[in-house]
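Colleague: my questions concern the predicted model and sequence given below.
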Amino acid sequence: MFGRGDRVVVGVSGGPDSVALLHWLSGYARENDLKIHVAHLDHMLRGEESAEDARWVQRFAASLGLTSTVEAEDVLALKRKLRVSIEDAARQARYSFFAHVAHMVGARCVAVAHTADDQVETVIHHWLRGAGLAGLRGMQPVMEYRVESHLDSLAGGLRVVRPLLDVWRREIEDYIATNRLTARVDRSNEQVAFLRNRIRLQLLPYLQSYNPRFKEAALRSARVLSSDYDFIQMNVSKVWDQVARLEERAVIFDLEKWGQLPDAIQRNLLREAMSRLVGDIIGLGAIHIDSALSVIRLGRTGARTTWPRGLVVSKSYKSFSIALPEKRHEPPLSAEGQRLEIPGRTVLFGTRWEVEASIQSQPCGNARNPLRAELDFNAVGKDLVVRRRKPGDRFRPFGMRGEKSLQDYFVDLKVPERERDNIPIVASPENIVWIVGFRIDDRAKVTPSTKQFLCLEFLESDSI
């Protein structure tokens, strides 16, 4: 899960599981040279009670000598906007927040406190939805997620790790008591309006009336199914090059060779295609796989269906494809740079971007927006330009003491070469201030002595 010197964001709700994780991990970090940063998102669903949770997490992190980022998001409003359940909206908000905090502090790893009990609940939840092996194997100790961004070139991968996935909740309670820790209580966990709570409070006790060790049995089944899934994936990898080719924005399958494969391999090839295109299979369910198979097996030439994330499955005479939506061309940025109006709004000529700049006496907020930066105005000044990269560019990534070449930074993050000229760079006459969507320069960061905050935000321009 971790390597020496890694930066790790730890998601902490304030409940017993995440408190135990952070307490244990803070000690582990000292022994293994990890840099820990705490992240907490107030879902704004419980009023002052959840606001106090946020303040409590800040205090707890500080007591361990750790830095933290605490923000709030109206999850109820997000639920209405996305037209999903409150649980799905909360999950999306939480992981988006974790991802952007990780980008902000330069971490590629987020640790969360899911336990063995959570794993059992997840497996049952997926079973009730009619999941296949991919869902019934439950959560994995290490998973890679795709981070969505307003700029295609800024999207990247995020590793999510679950150190407590084999630890039962009763063991967490023992750890809390042994180490004399306190934790917050989330009363919404007792509300049966939420499906996950009904599974834990009603369905699980009922199943345990048939088998008192049902949870252990469910966990054992998930591990067996995970092994079966890995075996199928191994065979998917073996046949991939025989039936599929990956282009820049699509996967093309040979229909004749496809038709000779077993159903299980076909289904997992479809999942693999989405994973290779967007980085994960979040949102892809059995209904989407079935709709694609219907088009492939029964549809006429030209038949198509849509998938999550805008993907389109379409059939032609001798092949079928799974393709990303059409990408809008992004005009190149100027190498010389365009001066920013500070304060004010600057339209970047020849691009679809404009930049809003303001000077405030209070923090800017909204750290989760990768197109928004909070800087120390006295450190960076008003003489700023937006430009594309130049040969020999160097900067000091936020949280680091030494400088790094921009070329090496992009290589480390696996940013495609063709995308690098389209990444806006805010620079002063002395040095780079902000690589938009990625990291600010450490010399531009806000400190306790900051008196004036420079808030910069990139917006889609209405003028082009």
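Modeller: Arrived safely, thanks for sending.
Colleague: OK, contacts around Pro308?
Modeller: 282-284, 288 (CB atoms under 8 Å, 6 or more residues apart in numbering). Every C-beta, even on glycine, is put in place using the N, C-alpha and C of the backbone.
Colleague: and Leu454, by the same measure?
Modeller: Neighbouring residues of Leu454 by CB under 8 Å, 6+ apart: 342, 357-359, 374-377, 380.
Colleague: buried only: go through the contacts of Pro308 for me.
Modeller: Among these, those classed as buried by 16 or more other CB atoms under 10 Å are 282, 284, 288.
Colleague: wouldn't Ser275 be in contact with Ile281 here?
Modeller: Yes: between Ser275 and Ile281 a contact is recorded at 5.4 Å, counting by CB atoms under 8 Å.
Colleague: filter the contacts of Leu454 down to the ones in strands?
Modeller: 357-359, 374-376 (DSSP state E).
Colleague: and which of those residues is nearest Ile124?
Modeller: Ile124 has its nearest neighbour among the ones in strands among the contacts of Leu454 in Glu374, at 42.4 Å by CB to CB.
Colleague: from Ser358, how far out is that closest one?
Modeller: Note on Glu374: its distance to Ser358, by CB to CB, to the nearest Å, is 11 Å.
Colleague: before we move on, the earlier item: ok, the buried ones among the contacts of Pro308 vs Asp241, which is closest?
Modeller: When those are compared against Asp241 (criterion: CB to CB), the nearest one is Leu284, at 22.3 Å.
Colleague: mind checking the SS state of that closest one?
Modeller: What DSSP: H, G, I helix; E, B strand; the rest coil gives for Leu284 is coil.
Colleague: coming back round to it: got the contacts of Pro308 as a markdown table, with pLDDT and distance to Gly399 columns?
Modeller: Shown next, in a markdown table, are the contacts of Pro308 (pLDDT from 0 to 100; distance: CB to CB, whole Å):
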| residue | pLDDT | distance to Gly399 |
| --- | --- | --- |
| Ile282 | 74 | 28 |
| Gly283 | 76 | 32 |
| Leu284 | 83 | 35 |
| His288 | 90 | 40 |
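Colleague: that older thread, hmm, which of the contacts of Leu454 are the buried ones?
Modeller: Neighbour-count burial within the contacts of Leu454 applies to 342, 357, 374-377, 380; the criterion is 16+ other CB under 10 Å.
Colleague: which residues does stretch 241-256 contact?
Modeller: Here stretch 241-256 has contacts from 257-258, 261, 269, 273, 276-277, 296, 315, 318-324, 327, using CB under 8 Å, 6+ apart.
Colleague: now list the buried members of those.
Modeller: The buried subset of the contacts of stretch 241-256 (16+ other CB under 10 Å) comprises 258, 261, 269, 273, 277, 296, 315, 319-324.
Colleague: now for those: which two are most distant?
Modeller: Largest separation among the buried ones among the contacts of stretch 241-256 by CB to CB: Leu261 and Leu324, giving 23.9 Å.
Colleague: would you map the strands across the stretch 151-300 of the chain?
Modeller: 156-161, 244-246, 250-254 (DSSP state E, counting those that start in this stretch).
Colleague: thinking again about what came up before, what do Glu374 and Ser358 both touch?
Modeller: Residues touching both Glu374 and Ser358 by CB under 8 Å, 6+ apart: 454-455.
Colleague: circling back to that earlier point, what is the nearest of the ones in strands among the contacts of Leu454 to Gln407?
Modeller: Among the ones in strands among the contacts of Leu454, Leu375 lies closest to Gln407 (CB to CB), at 23.6 Å.
Colleague: contact partners for that closest one?
Modeller: Counting by CB under 8 Å, 6+ apart, Leu375 makes contact with 433-434, 440, 444-446, 453-456.
Colleague: which strand or helix spans the nearest residue to Ser85 once chain neighbours are set aside?
Modeller: Distance criterion CB to CB, 6 or more residues apart in numbering; nearest residue to Ser85, sequence neighbours excluded, is Lys79 at 7.1 Å. Lys79 is part of helix 75-82, with elements assigned from DSSP states H and E.
Colleague: which other helices and strands does the helix or strand that comes right after that helix contact?
Modeller: Scanning forward in sequence from helix 75-82 by DSSP H and E, the next helix or strand is helix 86-105. Judged by 3 or more CB pairs under 8 Å, 6 or more residues apart in numbering; DSSP states H and E, helix 86-105 is in contact with strand 7-11, strand 35-42, strand 67-72, helix 75-82, strand 109-111, strand 142-147, strand 156-161.
Colleague: nearest to Lys414, out of those?
Modeller: strand 156-161 (7.2 Å).
Colleague: thought Val426 was touching Leu340?
Modeller: Yes: Val426 is in contact with Leu340 according to CB under 8 Å; the separation is 7.5 Å.
Colleague: which helix runs longest in the protein?
Modeller: Longest helix in the chain, counting residues (DSSP state H): helix 214-243.
Colleague: tell me how far that one lies from the chain's centre.
Modeller: A distance of 24 Å separates the centroid of the chain from that of helix 214-243, by CA atoms, centre = their mean, to the nearest Å.
Colleague: what mean pLDDT would you report for that helix?
Modeller: Average pLDDT, helix 214-243: 95.
Colleague: and if you look at stretch 256-275?
Modeller: Mean pLDDT, computed over stretch 256-275, is 94.
Colleague: change the start of the numbering to 714 and stick with it
Modeller: Sounds good: first residue 714 from here, last item stretch 969-988.
Colleague: quick one: the helices in the stretch 914-1063 of the chain?
Modeller: Counting by DSSP state H, counting those that start in this stretch, residue ranges of the helices within the stretch 914-1063 of the chain are 917-923, 927-956, 968-971, 976-991, 999-1011.
Colleague: so which of those is nearest Thr1059?
Modeller: Among the helices of the stretch 914-1063 of the chain, the nearest to Thr1059 by CB to CB is helix 976-991 (32.2 Å).
Colleague: tilt between that closest one and helix 927-956?
Modeller: For helix 976-991 against helix 927-956, the angle by axes from the mean of the first three to the mean of the last three CA atoms, to 10 degrees is 80 degrees.
Colleague: domain ranges for the protein?
Modeller: 720-923, 960-1036, 1051-1173 (automatic domain parsing).
Colleague: dump the ones you listed to a markdown table, plus distance to Glu929.
Modeller: Formatted as a markdown table, the domains of the chain follow (distance: least, CB to CB, whole Å):
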| stretch | distance to Glu929 |
| --- | --- |
| domain 720-923 | 9 |
| domain 960-1036 | 27 |
| domain 1051-1173 | 38 |
